[in-house]
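A.B. asks: What follows is a predicted protein model with its sequence.
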Amino acid sequence: MQTKHWQQRLLTLPPMSYLLIFFAVPTVIMLFASFRYAGEYGGLAPWYSYEEGKLAFDLTLENWQRLFETDIYLRLFAKSIGYAVLTTLLCILLGYPLALMIARSPRKHRDLLLLLVILPFWSNFLVRIYAWMIIFSPSGALTHMINSLLDIFGLAPISLMYSPTAVIVCLVYVHLPFMVLPLYANLEKHDPALLDAAQDLGATRWRRFWKITWPISLPGVYAGSILVFIPVLGMFAIPDLLGGTDGIMIANVIKQQFVESRDWPFGSVLSMVLTVAAVLAVLLGAKFGQQAGQTR
Amino acid sequence: MKRLLASIVFMAVTPLATAATQLHLFNWNDYIAQDTVAAFEKSCNCQLVQDYYSSTEEMMAKLLAGASGYDVVVPTQNAVQALIKQKFLLSLDKNQLPNFKNSDPGFLNRSYDPANTYSVPYAFTTTLVGYNEQQLAKLGISPDDWSVIFDPKVLEKLKGKVTVMDDAEELFGAALKYLGYSVNDRDEKHLREAQQVIMAAKPYWAAFNSSSYIKELTVGNIWVAHGYSSDMVQARADADAADRDFNVNFVLPKQGAVLALDNMVIPKDAKNKKLAHQFINFMLDGKNAAALTNEIGAGNPNAAAAEFIDATIKQQKAIFPDAATLATLETIEASDAKQRRLLNKLWTEIKIK
């Protein structure tokens, strides 16, 4: 028993130290940086100095005050969370029927169907975004089709490119597999006997879904939601490429601090807030997932 | 076992030892002619390894975060100034640069590097207006004025067909020029005025775009784009090559614009300093410098290049500004942390509303 315990520790040491080195340590560095001054030409200013032989600390709360000085950053956080929630909901709406269909299809087809879900990962993420830019562009096929339809009804042509719609469509497109896969893993394990029993007792198709399938699948829904919500919250490439003049999300501003304005301390402040938001989302998701898992 | 290990190590090391010497160049994208690369590799019997960047900020962030291994970098003047202050650059050995005499004196001894101790001019671009000739003629709009980008009355006819650079310094520079101020004006009141101009025009713009306006202009999705002169040369050539039923052209607005003078510098930690000098000297040769203008469309700060440059290009004021035009052009100066912070705040306010 003692040796087994010891072996277990040894096995978990590499992943634990990996997480510690590449997540915990950078987070602590970032937290520290958020209290320092920016260097004149980027980077960070020294955090201590000797003045007349005495050690003096050059730390400040100024960067955190800037967060609350104006409401623009908090509004941007709210907007990004809104985008992330909307994307997650759309992914559930689109992903759930798909995962259910795959889970209920004949066993020999399932692997192929799953492969098709993963297929987009074979090409680079940015290449797929550029493909969407072509689809959405005013001279693109999709816009042409929609506008000729609108024209029949006498409506003014619309522009898809550089709009919040384009951003949301792409966010959903990119993250849909992250919703489908955990949902499928859950749905596939459901015991069909439960549905048969409900049917024998006279439950309608709809009732069978809401009373049996949906509650049992909730842990999968929460797992998928976390996998979608968090990357969307920190997304900057899609709003950069497809967003219009007001399309930015919070991660774009964080990138701006580190790259354009070379203001690492304020970038660290915004990153810390984002990290806290993501951790809260995970905790909430995990809590609900656990509860849902226990009630069944 | 030991022998196996030794042979693996040997196999891993040999290719490095036999490969040609490499020169690592960190340059703007599309900013060196292909033929020039081949010619240099032949002359030095080495390999030119290129790495690209698309904005000064990107390059600075990478270098200041500790990226090393570059032998030659091509930063714009304000970045040169910042890199000098950071003590990042090697003092150039002019004895190894006999072609330095080719540089046009008008582009030497500027305030960012008063004696050209660390930097040698490479090429220059202006930030101007690229436009779709036919569409603007149809609307009766003349693009040689910043109002084509900032005046809501003009923009009403161009709604959704204009992109501006996704770059706070460039866009504020243009707005400040439109208002009659200097591009380096960092007075908060003037910057706020510029912010108002940008906010009033923003609803009419399609996007902030620094990366794909060449394509958008060439395809015809966008009719007016705020961008670099060398990119507009590219867009015009692409539209011609694709046989579009319109032409792309470009013009310097009469209020003046931003001039970006790019320079060759050697980082202190460069591995191959001698070869780096050799490369700089090679690029200062009149013929090689001329290729930058003939093939890339960049402005040329090299006096010896003049005789090799195509006559048609020489006539274009946006690429070869005459004295009167040159007087309206300004280079952006390096800004300090506080100025960058103010500009970024104004910029974020613009982006969120």
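C.D. replies: Sure, I can see it.
A.B. asks: Let me know how buried the closest residue to chain A within the stretch 201-350 of chain B is, in neighbour terms.
C.D. replies: Nearest residue of the stretch 201-350 of chain B to chain A: B:N344, at 3.7 Å (CB to the nearest CB). No exception for glycine: its C-beta is placed from N, CA and C like everyone else's. Other residues near B:N344 come to 19 when the count uses other CB atoms under 10 Å in any protein chain shown.
A.B. asks: wait, isn't it in contact with A:R262?
C.D. replies: No: using CB atoms under 8 Å, B:N344 is not in contact with A:R262; the gap is 9.3 Å.
A.B. asks: which residues of the stretch 51-200 of chain B score low on pLDDT?
C.D. replies: Residues of the stretch 51-200 of chain B meeting the criterion pLDDT under 70: none.
A.B. asks: near chain A, which residues of it show up?
C.D. replies: With CB under 8 Å from any CB of the partner chain as the criterion, the stretch 51-200 of chain B meets chain A at residues B:55, B:57-58, B:60-61, B:64-65, B:82, B:85-86, B:160, B:166-168.
A.B. asks: how about 10 Å then?
C.D. replies: Proximity of the stretch 51-200 of chain B to chain A, by CB under 10 Å from any CB of the partner chain, involves residues B:55-66, B:79, B:81-86, B:88, B:159-161, B:163-164, B:166-169, B:198.
A.B. asks: which residues does B:N209 contact?
C.D. replies: B:N209 sits next to A:162, A:240-241, A:245, B:162-166, B:215-216, B:222, B:225-227 when contact means CB atoms under 10 Å, 6 or more residues apart in numbering or on different chains.
A.B. asks: In helices, which of those residues appear?
C.D. replies: Of these, the ones assigned to helices by DSSP state H are A:D240, A:L241, B:K215, B:E216.
A.B. asks: does residue 198 sit in a helix or strand, and which one?
C.D. replies: Using chain A. Here A:A198 is covered by helix A:192-200, with elements defined by DSSP states H and E.
A.B. asks: meant chain B, my bad for not saying
C.D. replies: Following DSSP H and E, one finds B:I198 within helix B:188-201.
A.B. asks: Please apply the same query to B:H24.
C.D. replies: Counting by DSSP H and E, B:H24 is part of strand B:22-28.
A.B. asks: Check whether that strand comes near chain A.
C.D. replies: No: Strand B:22-28 lies out of reach of chain A by CB under 10 Å from any CB, never closer than 15.7 Å.
A.B. asks: Nearest to chain B: which residue in the stretch 101-250 of chain A?
C.D. replies: Closest approach of the stretch 101-250 of chain A to chain B (CB to the nearest CB) occurs at A:Y162, with a separation of 4.3 Å.
A.B. asks: what sits against residue 85?
C.D. replies: Since no chain was named, I'll use chain A. A:S225, A:F229, A:V232, A:L233, A:A281.
A.B. asks: Hmm, no, I was thinking of chain B.
C.D. replies: A:E40, A:Y41, B:A334 are the contacts of B:K85 under CB under 10 Å, 6+ apart.
A.B. asks: what about the closest residue to the second one other than its chain neighbours, distance to A:T12?
C.D. replies: Beyond its immediate neighbours in the sequence, the residue positioned closest to A:Y41 (CB to CB, 6 or more residues apart in numbering or on different chains) is B:A82, lying 4.6 Å away. The span separating B:A82 from A:T12 equals 46 Å under the rule CB to CB, to the nearest Å.
A.B. asks: And these two? Which one has more around it.
C.D. replies: B:A82 (24 against 10).
A.B. asks: In which helix or strand does that one reside?
C.D. replies: Using DSSP H and E, B:A82 falls in helix B:77-85.
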